[in-house]
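J.: Any chance you could fold what I've pasted below:
(one chain, ligands or ions: 2)
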Amino acid sequence: MTDKTINKAGSVRRVTEAEMAEQRDYISRIRAILAQRNDKPKAFVETYGCQQNSSDSEKIKGMLSDMGYEITDEIDGADLVLYNTCAVRENAELRVFGNLGALKHKKRRNPDMIIGVCGCMMQQEHIANTIKTKYKHVDMVFGTHALYRFPQILDEALKHTRVFDIENEDGAIFEEISVKRDAPPLAKVPIMYGCNNFCSYCVVPYVRGRERSRSAEDILAECRRVADEGYKEIMLLGQNVNSYGNDLPSGTSFSELLKLVCRTEGIERIRFMTSHPKDLSDDLIEVMASEPKICNQLHLPIQSGSNKVLKEMNRGYTREQYMERLKKVRRAIPDIVLTTDIIVGFPTETNEDFNETLSVLKEVEYDMIFSFIYSKRVGTPAAKMPDVLTDEEKHRNFDEMLKVQNEISKRKNETYAGTVQKVLVEGLSKTNDKTLTGRTEGGKVVNFSCSDNNDLSLSDYVGKIVDVKITSVQTWSLFGETEN
Ligand code: 5AD
Ligand code: SF4
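T.: Ligands and ions are numbered 1, 2, ... in the order given. A predicted model of the protein is given here:
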């Protein structure tokens, strides 16, 4: 990665109304062209990575729907295929290259098919160059910063021009765009973009730029809109939500924002991610404890239990400081459901360091962890650090950690057996259409049957909060039946 792709200045630019109007003109133009076709064109959008990326995809799908595309889950028969990529780990990148390779034959059979790649991977110069030279069947490539220009990019591609819009700019914030979300009850609302933390292993600050907060007014207006559309739960998104507002003239803090979001009538549950342990304020803990709509759930990535590794990761806290924060959270919200992220095999990690991580897991007893084997990212400081452990040792440690955590997760879930939980119903279970699925306030998945025999059909339950008696548990989910 060269300096060109790194945007350390971080001035916050807001896309002007005139610029957005220009993009809306492109949408109308494409709509008029596509309307001349006999059939409705289909667009397939596949998303990799985090919630922020799925939120971006919802904007892309919103723009595509406005242009007249039907959004499809089937790649076969799609007129437009777009991959919204993730750069956090290598395996997601390899999958994208594999999928792009497989599209070559489809494009030969159907030269009018438009193929696009966007998202975090495209903010890395070496990746964009590879696509330019080796994947010539790809028609459009654009990075996260060019998202609002998607209509213009697609307009060019439809005219059979190959488009590359990967200039690194200032990561402008834009509003006033259609969003095509999944059906209610859950809505994702981004509150900020980018990250200032530069953890030594992480590519996010390079590909997403510096922290930029949306204005509280824009966020609240979006919350109001989703409530009016029938959504019941909002997930507020940001790489580090605790530093929300630091760049805003109003200085609205995250805990202040949360209090305002809680006033949205019709919204019953509010979650947020991700919190950085170094910025988790007392104010936030207090708001979480006192606002009934804020779910008793916290995702607090620790990454490692070793102070030496935490320092080399540039995380900005020690194990002791992390534990002190957690103690405060647990004192204020005793039934909090805790999850974390762990990286195994950071270059300088020894077996002793890894044992420190195991001891943290045993000490905290998280409900669930998201664990990753370290993946070297070009341009990050950790990529230059020499490895201490072999790949085999790293994988062995990873497997051991999963074993330890699975036992803890199962044990934590067992404490729910026999209890009655308030479950927000999300839909029919994927594996059994006589069963409903939803989540507890703490975010645990519950599959359950309805024992009451009133006039409601199963789908009428979606979006409602029902009392469910937990009858059995597994490591990853709970099972139950409705309480009358
Ligand atoms: N290798 C492995 N895991 C990583 N993460 C971020 N960068 C890397 C990397 N280079 C993990 C961190 C982060 C989560 C979203 O992804 O645990 O919290
Ligand atoms: Fe990456 Fe660290 Fe920022 Fe999270 S806080 S996105 S791990 S740099």
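J.: And for the residue in the stretch 201-350 of the chain that ligand 1 sits nearest to, the neighbour number?
T.: The shortest separation between the stretch 201-350 of the chain and ligand 1 is 3.4 Å, found at Asp341 (distances taken as C-beta to the nearest ligand atom). Quick note: C-beta positions are derived from backbone N, CA and C, even for glycine. Applying other C-beta atoms under 10 Å, we find 14 other residues in the vicinity of Asp341.
J.: Tell me which residue is most central in the chain.
T.: Note on the chain: the residue nearest the mean C-alpha position is Gln51, at 1.4 Å, using C-alpha atoms, centre = their mean.
J.: Which residues are in contact with it?
T.: Taking C-beta atoms under 8 Å, 6 or more residues apart in numbering, we find Gln51 in contact with 188, 235, 237, 273.
J.: Could you tell me the model confidence score at it?
T.: For Gln51, the pLDDT comes out at 93.
J.: Same question for Asn38.
T.: In this prediction, Asn38 has a pLDDT value of 89.
J.: This structure: helices as residue ranges?
T.: Remark: helices assigned in the chain by DSSP state H are 17-35, 51-67, 90-109, 125-134, 150-158, 204-208, 216-228, 254-262, 282-290, 307-312, 319-332, 351-364, 391-414.
J.: returning to that earlier point: which among the contacts of Gln51 are in contact with ligand 2?
T.: Restricting the contacts of Gln51 to those adjacent to ligand 2 (criterion: C-beta under 6 Å from any ligand atom) removes every one of them.
J.: nearest to Cys86, of those residues?
T.: Checking the contacts of Gln51 against Cys86 with C-beta to C-beta, the nearest one is Leu237 at 14.6 Å.
J.: hey, what's the closest one bridged with?
T.: Leu237 has the following beta-bridge partners by DSSP bridges: Pro190, Met273.
J.: Identify the residues contacting it.
T.: Applying C-beta under 8 Å, 6+ apart, the residues near Leu237 are 51-52, 55, 188-191, 272-273.
J.: and the residue of the stretch 201-350 of the chain closest to ligand 1, what are its bridge partners?
T.: As for beta bridges, Asp341 partners with Phe370 under DSSP bridges.
J.: hang on, the earlier thing: show me which of the contacts of Gln51 are buried.
T.: Among the contacts of Gln51, those buried by neighbour count (16 or more other C-beta atoms under 10 Å) are 188, 235, 237, 273.
J.: Would you point out the most distant pair within these?
T.: Lys188 and Met273 (10.0 Å).
J.: Quickly list what's touching both of these two.
T.: Taking C-beta under 8 Å, 6+ apart as the criterion, Lys188 and Met273 both touch 51, 235, 237.
J.: and the stretch 51-200 of the chain, which residues reach ligand 2?
T.: If contacts are counted using C-beta under 6 Å from any ligand atom, the residues of the stretch 51-200 of the chain sitting beside ligand 2 are 195, 197-199.
J.: Can you give me the buried ones in stretch 379-394?
T.: Along stretch 379-394, the positions that meet the burial threshold by neighbour count (16+ other C-beta under 10 Å) are 379-380, 382, 389, 393-394.
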